[in-house]
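> Coordinates for the following, if possible.
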Amino acid sequence: MVARKKKDKTLLEAAKSGNVLETLERLRDSLAETIETCESGRDMAALSRQLSQVLDQIEDVKRANAGGAVECHPCQRTEQERKSRE
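Numbering: from 1, shown residues only. Okay, the predicted model is just below:
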């Protein structure tokens, strides 16, 4: 297991804080650590898919933040876009 820096929050702390980007980054790290020790091919495939999705979500949030948008989860953004088209 990788030692965390003192200032780094745990996944639970990040989730409770409401900071989506920080939560996704902690989830990314947690998944990567789990993949490192995974011995099951089936679990490895599922974890790898989850990691890939989390990486995409991190990029979406960063892209939205760079555009000056309010930080929100990509799923929330998709729901907002759907509602705006109705």
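
> Would you mark the buried spots in the helix or strand that S30 is a member of?
Per DSSP states H and E, S30 falls inside helix 20-37. Neighbour-count burial for helix 20-37, counted by 16 or more other C-beta atoms under 10 Å, picks out 20-29, 31. The way it works is simple: take the backbone N, C-alpha and C, and place the C-beta from them, glycine included.

> ok, now stretch 44-62?
Residues of stretch 44-62 classed as buried by neighbour count (16+ other C-beta under 10 Å): 47, 51, 54, 57-58, 60-61.

> Could you pick out which of those are located in helices?
Residues of those located in helices (DSSP state H): 47, 51, 54, 57-58, 60-61.

> Pick the one among those closest to L12.
V54 (16.1 Å; C-beta to C-beta).

> Test my guess that I58 contacts R26.
No. Contact criterion C-beta atoms under 8 Å: I58 and R26 do not qualify, at 10.7 Å.

> Give me the below-cutoff pLDDT ranges for this protein.
1-7, 68-86 (pLDDT under 70).

> can you count the residues close to K16?
Residues contacting K16 under the criterion other C-beta atoms under 10 Å number 11.

> Ok, C38 next?
Counted with other C-beta under 10 Å, residues neighbouring C38 total 16.

> Now name the helix or strand holding the residue nearest to it when sequence neighbours are not counted.
Distances taken as C-beta to C-beta, 6 or more residues apart in numbering place M44 nearest to C38, at 4.8 Å, with adjacent residues excluded. Assigned by DSSP H and E, M44 belongs to helix 41-66.

> Give me the angle between that helix and helix 20-37.
160 degrees (axes from the mean of the first three to the mean of the last three C-alpha atoms, to 10 degrees).

> Packing partners of helix 41-66?
helix 20-37, helix 74-85 (3 or more C-beta pairs under 8 Å, 6 or more residues apart in numbering; DSSP states H and E).

> Let's see that with 6 Å instead.
If contacts are counted by 3 or more C-beta pairs under 6 Å, 6 or more residues apart in numbering; DSSP states H and E, helix 41-66 sits against helix 20-37.
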